[in-house]
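Visitor: What follows is a predicted protein model with its sequence.
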Amino acid sequence: MKILMAASEAVPFAKTGGLADMVTSLALALARLGHEVRIILPRYFGISRDKLRQLPGPLGVSMGGGEAWSAVYTDTLPGSSKKNPVEVYFIDHEGFFGRDGIYGSPSEPDFLDNPRRFAFFSRAVFQCCRKTGWFPDIIHAHDWPTALVPVFLKYRERDERFSGTASVLTIHNLGYQGVYSKDNFSYTGLDWNVFYNAGFDDWNMMNLLKAGLVSADKLNTVSPSYARETLTSAGGFRLDGVLRSRQGNYLGVLNGIDTHVWNPAKDPHIPVQYSAKDMSGKAAAKAALQKAFNLPDTPDVPVIGMVTRLTEQKGVGELFGPSYGSAWSICRDMNLQFVILGTGEAWCENELRSLSSHLSNFRAIIGYDEERSHLIEAGSDFFLMPSRYEPCGLNQMYSLAYGTPPIVRNTGGLADTVENFDQDTGTGTGFVFDDLTPQAIHNTVGWAVWAYYNRRPQVEALRLRGMKQNFSWDVSAKRYIALYEDALGIR
Ligand code: ADP
């Protein structure tokens, strides 16, 4: 199959969250299965042109209101095999992408011209295929930034070259829908009747994700439990009705993890590699972690780790909210150390700084740091993810692979990947709680810490059981192939 991933992020080129990991790992896994896969991305300011190859000639992209001119660059995706490499295409446009930030900047969190930027990019996807003479069987779009791709395919681009192409749209996070003033609709170059027929209309605003959900041949999200949650009014972010109307074409496929990058036996970011057969390197990682976070080197005190975007979705209100969050009491009442790496909402960053200065066993690093995130996964004893909702979540799978039992809320992909510890039978892979309350987080961390001090053999067995789970992409990539075949069947 010829598969084109149209995305706004892909590692190592551009990343704000799990979407970037998924696009790259899925592309590589599909190529390993023998399919011809390409990725198309905007060339953001942070992606240097120096290392890319430029295709000759300009790329004309007609938008509502005129033609935009851009250039196309290419590169081979790192990690590709020589036999079947994944080529990455970059759409270069100074006005739309020649600035710092993918979706926004500190002073403008959601760029005002985002509907125009991503309308341009989504049209450029088709023009790039025409320019290179490569026409995919499947165009796979991801989240609101490329949700216009299935809409364009259905309402605008369906000439003979794209007559056999089917579209798939993956929801990575229903909380972000790309809702803008409908004045921006003219940038799509579509007729106004499409605004209503394709489902753009959202209380007199323009909802890009909704239009994509109405138009794509097949839809999916990144875990079976999250797929079920999004069909309810509690988890559907006002789009549950639209999703229910497409229920026959909508399913959950669990993300895998890149086992070349997230593997304690090969990880270059930890001092001593380790595996389930020889766990001694984990102690060295813990010592390095304590040093990196300026904590006492105490091997027998459990370390709770977190790596996260600091947004409400991740449960940071219940954990760090001033005066009601549970982090303070957790650190005060329990003999543990707590480390967190993250960036996000200003109030939360400030709260983390304040906790770090008031508590001797709490340390936060504010920032985005790939290397330290590996050290936290390896060096912590438990990994905390009290998410309000979690479409899939990668960190809990990383922590399972690193022998660091996760402490998670029973939601979405967390529910699908972590099995609760049963202290009578000793089974499970982590610690799971239902209610998103400061008390529930406090109690469940307390339970893990209690088990660490009182049931050490069971905790060691928990670590090993987690390390044996298979979250490799090879399983999920085959599910995507089945989904693509169904989409082609619809065509
Ligand atoms: P989401 O996509 O909702 O942010 P996921 O768990 O699916 O959550 O993926 C988050 C990804 O981003 C993981 O690979 C995680 O390690 C990484 N990440 C998040 N914040 C940071 C940070 N501050 N430093 C390094 N990596 C981070």
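Guide: Done, it's in.
Visitor: quick one: contacts for Glu9?
Guide: Counting by CB atoms under 8 Å, 6 or more residues apart in numbering, Glu9 touches 15-17, 19-20, 23, 41, 102. C-betas here are computed from N, CA, C, even on glycine.
Visitor: Excluding chain neighbours, what is closest to the residue in the chain positioned nearest to the ligand?
Guide: Per CB to the nearest ligand atom, Gly18 is where the chain lies closest to the ligand, at 2.5 Å. Using CB to CB, 6 or more residues apart in numbering and skipping residues adjacent in sequence, the residue nearest Gly18 is Leu394, 4.8 Å away.
Visitor: How many residues are close by that neighbour?
Guide: 23 (other CB atoms under 10 Å).
Visitor: can you pull the contacts of it?
Guide: 18, 21, 255, 257.
Visitor: shouldn't the last one be in contact with Met397?
Guide: Looking back up the chat, that one is Ile257. Yes. If you go by CB atoms under 8 Å, Ile257 and Met397 touch, sitting 4.8 Å apart.
Visitor: Find residues that contact each of these two.
Guide: Shared contacts of Ile257 and Met397 (CB under 8 Å, 6+ apart): Phe471.
Visitor: so Thr444, which of the three states?
Guide: helix (DSSP: H, G, I helix; E, B strand; the rest coil).
Visitor: Let me see the contact set for Glu345.
Guide: Neighbour list for Glu345: 310-312, 316 [criterion: CB under 8 Å, 6+ apart].
Visitor: mind running it again at 7 Å?
Guide: Residues near Glu345 by CB atoms under 7 Å, 6 or more residues apart in numbering: 310-311.
Visitor: try Arg156
Guide: So Arg156 contacts Leu190 (CB under 7 Å, 6+ apart).
Visitor: follow-up on the earlier one: from the contacts of Leu394, which land in helices?
Guide: Mapping these onto helices (DSSP state H) picks out 18, 21.
Visitor: Identify, from the contacts of Leu394, the entry nearest to Tyr484.
Guide: Using CB to CB, the shortest approach to Tyr484 within the contacts of Leu394 belongs to Asn255, at 16.4 Å.
Visitor: ok, how many other residues are close to the closest one?
Guide: By other CB under 10 Å, 25 other residues sit near Asn255.
Visitor: Assess the claim that it and Ser476 are in contact.
Guide: Yes. Using CB atoms under 7 Å, Asn255 makes contact with Ser476 at a distance of 6.4 Å.
Visitor: coming back round to it: now a PyMOL select for only the buried ones of the contacts of Glu9.
Guide: A single PyMOL command selects the buried members of the contacts of Glu9 (16 or more other CB atoms under 10 Å):
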select buried, resi 15+19+20+23+41+102
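Visitor: and of the contacts of Glu9, the nearest to Gly325?
Guide: Of all those, Gly325 sits closest to Gly17, with 22.7 Å by CB to CB.
Visitor: Show me what the residue lying closest to the closest one once chain neighbours are set aside is bridged to.
Guide: In space, and not counting its chain neighbours, Gly17 is closest to Arg309: 6.5 Å by CB to CB, 6+ apart. Here Arg309 sits in beta bridges with Thr343, going by DSSP bridges.
Visitor: residues contacting Arg309?
Guide: Arg309 touches 17, 342-344, counting by CB under 7 Å, 6+ apart.
Visitor: what's the closest of these to Pro115?
Guide: Of all the contacts of Arg309, Pro115 sits closest to Gly17, with 20.5 Å by CB to CB.
Visitor: what about the helices in the stretch 101-250 of the chain?
Guide: Using DSSP state H, counting those that start in this stretch, the helices of the stretch 101-250 of the chain run over residues 114-132, 148-155, 192-197, 208-215, 224-230, 240-245.
Visitor: Check these for me and report the most buried one.
Guide: helix 208-215 (a mean of 26; mean count of other CB atoms under 10 Å).
Visitor: And it, what does it pack against?
Guide: Under the contact definition 3 or more CB pairs under 7 Å, 6 or more residues apart in numbering; DSSP states H and E, helix 208-215 sits against helix 148-155, helix 240-245.
Visitor: Make CSV from those helices and add distance to the ligand to it.
Guide: Output for these, formatted as CSV (distance: least, CB to the nearest ligand atom, whole Å):
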stretch, distance to the ligand
helix 148-155, 20
helix 240-245, 19
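Visitor: For Leu251, which of those helices is the nearest?
Guide: Closest to Leu251 of those is helix 240-245 (CB to CB; 11.0 Å).
Visitor: Can you give me the buried ones in the helix or strand just after the closest one?
Guide: Using DSSP states H and E, the helix or strand that follows helix 240-245 towards the C-terminus is strand 250-252. Residues of strand 250-252 classed as buried by neighbour count (16+ other CB under 10 Å): 250-252.
Visitor: how many neighbours does Glu87 have?
Guide: Using other CB under 10 Å: Glu87 sits among 18 other residues.
Visitor: State the distance from the nearest residue to it once chain neighbours are set aside to Asp50.
Guide: Leaving out its chain neighbours, the residue that sits closest to Glu87 by CB to CB, 6+ apart is Arg38, at 5.0 Å. Noted for Arg38: a distance of 22 Å to Asp50, by CB to CB, to the nearest Å.
Visitor: who has more neighbours, those two?
Guide: The residue with more neighbours, out of Arg38 and Asp50, is Arg38; 23 against 5, by other CB under 10 Å.
Visitor: Surely Ser186 touches Gly66?
Guide: No. Contact criterion CB under 7 Å: Ser186 and Gly66 do not qualify, at 10.9 Å.
Visitor: who has more neighbours, the two?
Guide: Neighbour count, other CB under 10 Å: between Ser186 and Gly66, Ser186 has more, with 15 against 8.
Visitor: contacting residues for the spatially closest residue to the more buried one that is not a sequence neighbour?
Guide: Spatial nearest neighbour of Ser186, chain neighbours left out: Gly64 (4.2 Å); criterion: CB to CB, 6+ apart. Going by CB under 7 Å, 6+ apart, Gly64 touches 186-189.
Visitor: Give me the pLDDT for Gly64.
Guide: You'll see Gly64 listed with a pLDDT of 86.
Visitor: Any chance of the backbone angles for it?
Guide: The phi and psi values for Gly64, taken as degrees, to the nearest 10, are phi -60, psi 130.
Visitor: Could you do Trp69 as well?
Guide: phi -110, psi 140.
Visitor: and the gap between it and Ser62?
Guide: For Trp69, the distance to Ser62 - CB to CB - is 10 Å.
Visitor: Check Val303 too.
Guide: 56 Å.
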